[in-house]
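I'd like to go over a predicted model; first the sequence, then the structure.
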Amino acid sequence: MQYSIVDYQSIVDASHSLRFDAEFFGPDYLQVQRRLEEIGSRKLIDFQVNIRHPKEIKRNYVGNGVPFLRAQNVRPLSIDLTANPVYISEEDAERLKENTIEYKDILITRSGANAGQCAIYLENSHAISSSHTFILKSGNLNPFFLAIFLNTKYGKALIEKGKYGSAQPEVAPYFLYQIPIPNWNNLPSVIEKTYLRSKELTELSKTRYAETQVLLLSELGLVDWQPKHKLAFTTDYASMQRAERIDADYFQPRYDDIINTIKNYPGGWDTLGNLATLKKCVEVGSKEYLETGVPFVRVSNLSPFEITQEKYISEELYGEITEHQPKQGEILLSKDATPGIAYYLREVPEKMIPAGGILRLKSKTDKIGNEYLTLVLNSILTQEQINRDVGGSVILHWRPDQVAGTVIPILHHEKQAEIQQKVIESFSLREQAKDLLECAKCAVEIAIEQDEQTAMDWLGSV
């Protein structure tokens, strides 16, 4: 049995709401607090830090406008602007100007299972934050160092300590302001350089990936193609019979442009159903969600570059549905909500169960490589076919038969190999960027456990 003994004054000093629950004064939290006090830390509020709680209005998303960041965009040390991006109008952005995110602001998720996750905003253009995140301006603290510290085991423990509520845990600014922050002279600037180098590698990774898309579209003669929505056009009755559709949007000429270009490619083409097996995953229901356990991967956790973790299920339930465990060499493809997100499992995946809105694809031919197929699935070639199939729906559902009917160009093996090499390089650069951030976190933890100079020497040697 673990227990802590604290006096009344400690309760008063630690919480404006006089929290005296056992979790708040858990021995592990107290040990972290004591160690940070021993090395001369000061409270976050002492560094003139400002934490803003954005306000909310009724959201009306638009096709193009000002980026609107939600909690799902904020991951540990990563702000993902590619995962189902949404935008609001300039008028709504003006109404929410107090929610404006600027360069080097730190975003912290406010509520839910991922409450307390944080990352630094390093985009040159401004964005608007939802009310489910806090916007932190670092005051006299180096923002890169602060973001790294809050993601170390010490920072995360102190954020966890300040959470309240059981069904929907939340973080309050008051508790964030009380977090002790090490007051070092030299390490923060070294951490900043490491963080910025990681950012450079990430941007280079994006450039390499964009080059692969250009290679693909260039081979098909579509590099300068732009979708054009026509107000008037014609089709024939036979086409409507074949498609079993009568809505005008389905027959937009832009979709024929894409499909005819693929079908006329000299290297040939085939449907996805002929190139790979498609296996639907499983839905477990929200009542099965846990705070820890085996990751349950939903569409919102899927991106072309990574799989994030948010919801979990028990080991017992995992054992009952283990046939849905993805395997190395498969491609996970979303079919609902945000259809058309593909992620290739290059390595043996950890334990996980994908949700029912995700399909598992396994190649059944050597005509096409997995890296290349994944790229095509994430490209405008597939997205336009999805737009045709699900157009007009309020909640997007890409039916398995529609997925299977997606047309895929079969590029020459030499061109596929060239594309695959750039994809591999892109992912290698992204892994290097992530490793640098992990090293920065380790350096801060070494400085807390030993001293600043030891941490700097270690970071300089990796």
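Perfect, I can see it now. Numbering: from 1, shown residues only.

which residues touch Lys351?
Lys351 makes contact with 294-295, 318, 325, according to CB atoms under 8 Å, 6 or more residues apart in numbering. C-beta here means a position set from N, CA and C on the backbone, and glycine is covered the same way.

change it to 6 Å
If a contact means CB atoms under 6 Å, 6 or more residues apart in numbering, then Lys351 has Val294 as its contacts.

how about it, secondary structure?
State at Lys351, reduced to three classes by DSSP: H, G, I helix; E, B strand; the rest coil: coil.

domain ranges for this protein?
The record's domain parsing of the chain by automatic domain parsing lists 27-183, 190-208+415-462, 221-264+268-410.

nearest to Val214, out of those?
Comparing the domains of the chain by their distance to Val214 (CB to CB), the top pick is domain 221-264+268-410, with 6.1 Å.

so for that closest one, mean pLDDT?
Summarised as a single mean, pLDDT over domain 221-264+268-410 is 88.

dump the domains of the chain to a markdown table, plus distance to Val214.
Formatted as a markdown table, these follow (distance: least, CB to CB, whole Å):
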| stretch | distance to Val214 |
| --- | --- |
| domain 27-183 | 17 |
| domain 190-208+415-462 | 10 |
| domain 221-264+268-410 | 6 |
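
need the residues that contact stretch 180-195.
For stretch 180-195, contacts defined as CB under 6 Å, 6+ apart pick out 36, 39-44, 142, 144-145, 148, 436, 440, 447, 452, 455-456.

tell me which residues in that stretch are buried?
Across stretch 180-195, burial judged by 16 or more other CB atoms under 10 Å covers 180-182, 184, 187-188, 190-192, 194-195.

kindly present the residues you listed as JSON lines, with separate columns for pLDDT.
Below are the buried residues of stretch 180-195 laid out as JSON lines (pLDDT from 0 to 100):
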{"residue": "Pro180", "pLDDT": "95"}
{"residue": "Ile181", "pLDDT": "96"}
{"residue": "Pro182", "pLDDT": "96"}
{"residue": "Trp184", "pLDDT": "94"}
{"residue": "Leu187", "pLDDT": "97"}
{"residue": "Pro188", "pLDDT": "97"}
{"residue": "Val190", "pLDDT": "97"}
{"residue": "Ile191", "pLDDT": "97"}
{"residue": "Glu192", "pLDDT": "97"}
{"residue": "Thr194", "pLDDT": "97"}
{"residue": "Tyr195", "pLDDT": "97"}
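
just flag the most distant two among those.
Using CB to CB, these span at most 22.5 Å, a distance reached by Pro180 and Thr194.

so which of the buried residues of stretch 180-195 belong to strands?
Assigned to strands by DSSP state E, the following of those qualify: 180-181.

Glu425 and His397, how far apart?
Plainly put, Glu425 is 35 Å away from His397 if you go by CB to CB, to the nearest Å.

also Tyr164?
In this view, Tyr164 and His397 are 38 Å apart by CB to CB.

same check, this time on Gln385
Relative to His397, Gln385 is positioned 15 Å away (CB to CB).

now do Val444
Going from Val444 to His397 by CB to CB gives 45 Å.

looking at these two, which one has more neighbours?
Val444 (26 against 14; other CB atoms under 10 Å).

next, the contact list for the more buried one, please.
Val444 touches 148-149, 152, counting by CB under 6 Å, 6+ apart.

ranking by neighbours, what's the top pick from those?
In the contacts of Val444, the most neighbours by other CB under 10 Å go to Phe149, 28 neighbours.

what pLDDT does the model give that residue?
97.

which residues in the stretch 51-200 of the chain form strands?
All strands of the stretch 51-200 of the chain, identified by DSSP state E, counting those that start in this stretch, fall at 61-62, 66-69, 74-75, 78-79, 86-88, 100-101, 106-109, 118-120, 127-129, 133-137, 180-181.

helix or strand: which one has the residue nearest to Glu350 when sequence neighbours are not counted?
Nearest residue to Glu350, sequence neighbours excluded (CB to CB, 6 or more residues apart in numbering): Pro295, at 7.4 Å. In the assignment (DSSP states H and E), Pro295 maps to strand 294-297.

same list, the strands of the stretch 51-200 of the chain, but as TSV with distance to Gly329 please.
Output for these, formatted as TSV (distance: least, CB to CB, whole Å):
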stretch	distance to Gly329
strand 61-62	36
strand 66-69	34
strand 74-75	26
strand 78-79	26
strand 86-88	33
strand 100-101	39
strand 106-109	33
strand 118-120	31
strand 127-129	37
strand 133-137	37
strand 180-181	45
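
how about the ones you listed, which one is nearest Ser205?
Of all those, it is strand 78-79 that lies closest to Ser205, at 12.4 Å by CB to CB.
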